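Visitor: Everything below, folded, please.
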Amino acid sequence: MNECKQLAITQFGEPSVLAMQTVEIPLPSANQVLVKVAYAGVNPIDAKTRAGLGWAAQQNQDKLPWVPGYDISGEVVARGPEVTSVSPGDLVSGFVGFPLQGGGYSEFILVDAGALSRVEPDNVSLIEAAALPLAGQTAWQALDKAKVSDGDQVLILAGAGGVGHVAIQLAVARGASVLASCSADNVDFVSQLGAIALDYRLAPLAEQTGKVDVLIDLMGGEIGIAALDCVREGGRVITVPTITAEAVCERARELGLEAEGMLVTPSVEQNDAMMAMLEAGTLQLYIAAQYGLSDGAEAHRQIESGHTRGKVVLAVDI
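Guide: Okay, here's the model as predicted:
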């Protein structure tokens, strides 16, 4: 078989613009490996790009159809002549093609060998390995940028989401006291992760908590701006949604807060560290739903509902 199926963005718009296509299976060059994809993570950035929003959409608007997807797990089936770190038959995962190349929504994908983590299936499932990279590294790097350490009080917005539920656990592991906003349906879930859960529908967050040291804003916009009232003067704010980062940071600085946006950078070292936490049972990944590759539009509708607990993945190799 020399062809593989992919799910591509054919034009910008609603989830229905996602369509299956068939392409020739590529061959790895010197430092590349060909991975037969088992699972691909679905992230909010995928849906935003499909809708025509953000930098990846701007840069790829003349390159449609374009295949989204930055999280993958699967099996190495071929390698370039200079690759020694992995061999055919090895199970791997990675945060790949970010932000402009994508390609994860595919039966096969070419990846630089150095971008991959090894997966030991007895310890970490392939579905977890595909759900972890982008969300986990976003959470890790947001906490790093905010210099979260032992004794800090940290407020995380959207604590039950893909990034949020990992960020809670990583912050707790650093010794922080964590509060997290969520819906009433997710109060128990967020509490079990080690945070004080704040139902955002009950009252403004600033009325539910005292002043915190750090805000990890995973919502952005008006919600992110309103949450600034929860941060003590001189406190630190990291806002992740890029589209509204400038507005959130501007208001934060007016309030005497340190604030910056961020764009996650792929890190195999961080991925390996979190894989080890998964193996040790000190990090839990919640998989909300999995869809077949051809049902990717449904996966995008799920992500865009704004009420997804944990992660959504595409089961590619089924």
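Visitor: gap between residue 92 and residue 208?
Guide: In this view, residue 92 and residue 208 are 43 Å apart by Cβ to Cβ, to the nearest Å. (C-beta placed from N, C-alpha, C; glycine too.)
Visitor: if you count what's nearby, which of those two comes out ahead?
Guide: residue 92 (23 against 16; other Cβ atoms under 10 Å).
Visitor: Helices of this protein, residue ranges please.
Guide: With DSSP state H as the criterion, the chain has helices at 44-50, 55-60, 126-131, 133-145, 162-173, 187-192, 205-208, 221-227, 245-254, 268-280, 296-304.
Visitor: Can you lay out these as JSON lines showing distance to residue 108 and mean pLDDT?
Guide: Below are the helices of the chain laid out as JSON lines (distance: least, Cβ to Cβ, whole Å; pLDDT from 0 to 100):
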{"stretch": "helix 44-50", "distance to residue 108": "19", "mean pLDDT": "96"}
{"stretch": "helix 55-60", "distance to residue 108": "20", "mean pLDDT": "95"}
{"stretch": "helix 126-131", "distance to residue 108": "15", "mean pLDDT": "98"}
{"stretch": "helix 133-145", "distance to residue 108": "18", "mean pLDDT": "98"}
{"stretch": "helix 162-173", "distance to residue 108": "25", "mean pLDDT": "98"}
{"stretch": "helix 187-192", "distance to residue 108": "35", "mean pLDDT": "98"}
{"stretch": "helix 205-208", "distance to residue 108": "45", "mean pLDDT": "94"}
{"stretch": "helix 221-227", "distance to residue 108": "38", "mean pLDDT": "97"}
{"stretch": "helix 245-254", "distance to residue 108": "35", "mean pLDDT": "98"}
{"stretch": "helix 268-280", "distance to residue 108": "21", "mean pLDDT": "97"}
{"stretch": "helix 296-304", "distance to residue 108": "16", "mean pLDDT": "97"}
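Visitor: Residue 31 is nearest to which of those?
Guide: Nearest to residue 31, of all the helices of the chain, is helix 268-280, at 13.9 Å by Cβ to Cβ.
Visitor: Sweet, I'm off.
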